[in-house]
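K.L.:
attaching a predicted model along with its sequence, questions to come.
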Amino acid sequence: MKTAAVISEFNPFHAGHALLLRKIRLSEGEDTAILCIMSGNYTQRGEAAVICKQSRAAAAIEGGADLVLELPFPYCCAGAERFAQAAVRIANAVQTDLLAFGAECEDTDRLFSLAAKIEAPEFRNAYASLCERNGIGCAAKIETVYRALYGKEEDLSILRQPNNLLGIEYIRAILRENAPIKPVAFRREGAAHGTDTLPKDGICPSAEALRKILGTGDTVQWEMLRTIMPSCSADILQKEISERKSTADNDFLMRQLLLYYQLAPVEAYLSTDGMTGGLAHRVRKFASTSADPSSFFSALRTKRYTDAYLRRALLCGFFGITRDMLNAPPLYTQVLAMNDRGCRLLASLRRKATISILTKPAAYRHLPHDAFLQANRTLRADTLYASLFRLPLPPSDLLRYLPYRKTDRIVTTS
């Protein structure tokens, strides 16, 4: 069985995601199994996902995926390079054939060429040097170094597109891992990345626009949502939000983090990932003078630190995540959802995978020591996540989840 992997957040699963899965089937054949490696309860922006990972995975299965495996914490809320590398390592560990992704440029060969140039030693050396003396964002640094070394304006226009850049990071990770995975780009359809308003011309809305609607709480218009996103995803969202009485509250998450930094000594997080260049002391200083997350972020924010960088660094400091932890390869993953074909794929993966695959959370206790430590970090992060709803979950419930299972078998009664 040929397997195509999709690295994803599905926050939430929307029409553009469903379209990508359909394109993979049309391109690679109906017998191709689609494996999604999906972020857990936190996202690359350093935020809590709108609904829990199990429900987002269920929406993906209903929307065309066959098997969803978790990209665990803290990799799921790492910067683009380490996010991509951890996910590709999981894809390689389960011996995926293809890695499919959406991009503004669907010319995979051209993206591969750009990735090879960015991965070249001269580029990496120049990039590291720029990082030491300049605080601009990663995308801007890549563009600055690329212009200085190669100067091709037509390439720079590709590098300015966020989904192209993430696709290039996937290819770079494949090159670094020397993984026998074929990257395949598909044109991304719908509203531009980061667009927070609904399009008026019928194209797929962005995830950010959907999150903005969901953040309105009781005023969510579900019938309207069903016209702009897959009905299966809207149904799962509605059920989850109804049960928990809200989406995950990122303002409450930031209040929790602020309280921690108001109480903890700087030594507790001085060596955690992201707390470099004096940021740890800056955090300690402004936590003690801030009454709320908004003023805290306003004080911390500089040209050197984007909001996403700050959120990721604060999460790492809270949970004690070091650079070495993030650079280490994932040693386990967890099954979140599957259909019948995904169940058959899972049986095959478990025979040949070089990574531990959990089918229920409580089984993490039986993992090898280092994998156990990784899974325990995810469980701790999920415990905080479970508190972010109007109707919180008790931590013990986190160990009782079983993978969502969609079956095609028809049960008849006489």
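P.N.:
In hand now; what should we look at? Residues are numbered from 1 along each chain as shown.
K.L.:
what about the nearest residue to residue 75 once chain neighbours are set aside, how many neighbours?
P.N.:
Leaving aside its sequence neighbours, residue 75 sits nearest to residue 86 (C-beta to C-beta, 6 or more residues apart in numbering; 3.6 Å). Any C-beta I mention is one placed from the backbone N, CA and C, and that applies to glycine too. Neighbour count for residue 86, taken as other C-beta atoms under 10 Å: 25.
K.L.:
work out for me the element residue 86 sits within.
P.N.:
Per DSSP states H and E: residue 86 is located in helix 80-93.
K.L.:
quick one, what contacts the nearest residue to residue 327 once chain neighbours are set aside?
P.N.:
Spatial nearest neighbour of residue 327, excluding adjacent residues (C-beta to C-beta, 6+ apart): residue 82 at 7.1 Å. Applying C-beta atoms under 8 Å, 6 or more residues apart in numbering to residue 82 gives the contacts 75, 326-327.
K.L.:
which phi and psi does residue 393 have?
P.N.:
Phi and psi for residue 393, reported as degrees, to the nearest 10, are phi -100, psi 140.
K.L.:
hmm, I typed the wrong one, I wanted residue 6.
P.N.:
phi -130, psi 120.
K.L.:
is it in a bridge, and if so with what?
P.N.:
Going by DSSP bridges, residue 6 is paired in beta bridges with residue 36, residue 100.
K.L.:
could you measure from it over to residue 209?
P.N.:
Using C-beta to C-beta, to the nearest Å, residue 6 is found at 21 Å from residue 209.
K.L.:
give me the more crowded residue out of the two.
P.N.:
Neighbours per residue (other C-beta under 10 Å) separate residue 6 from residue 209, with residue 6 holding more: 26 against 20.
K.L.:
go ahead and confirm the more buried one touches residue 65.
P.N.:
Yes: Residue 6 lies in contact with residue 65 (C-beta atoms under 8 Å); the separation is 7.3 Å.
K.L.:
what touches both of these two?
P.N.:
Applying C-beta under 8 Å, 6+ apart, one finds that residue 6 and residue 65 are jointly contacted by 21, 34-36.
K.L.:
pull out the buried members of the contacts of residue 82.
P.N.:
Among these, those classed as buried by 16 or more other C-beta atoms under 10 Å are 75, 326.
K.L.:
in CSV: the contacts of residue 82, plus distance to residue 167.
P.N.:
Below are these laid out as CSV (distance: C-beta to C-beta, whole Å):
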residue, distance to residue 167
75, 18
326, 21
327, 22
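K.L.:
what about the closest residue to residue 25 other than its chain neighbours, distance to residue 51?
P.N.:
Take residue 25 and drop its neighbours on the chain: the residue closest to it by C-beta to C-beta, 6+ apart is residue 32, 6.6 Å away. Distance of residue 32 to residue 51, given as C-beta to C-beta: 28 Å.
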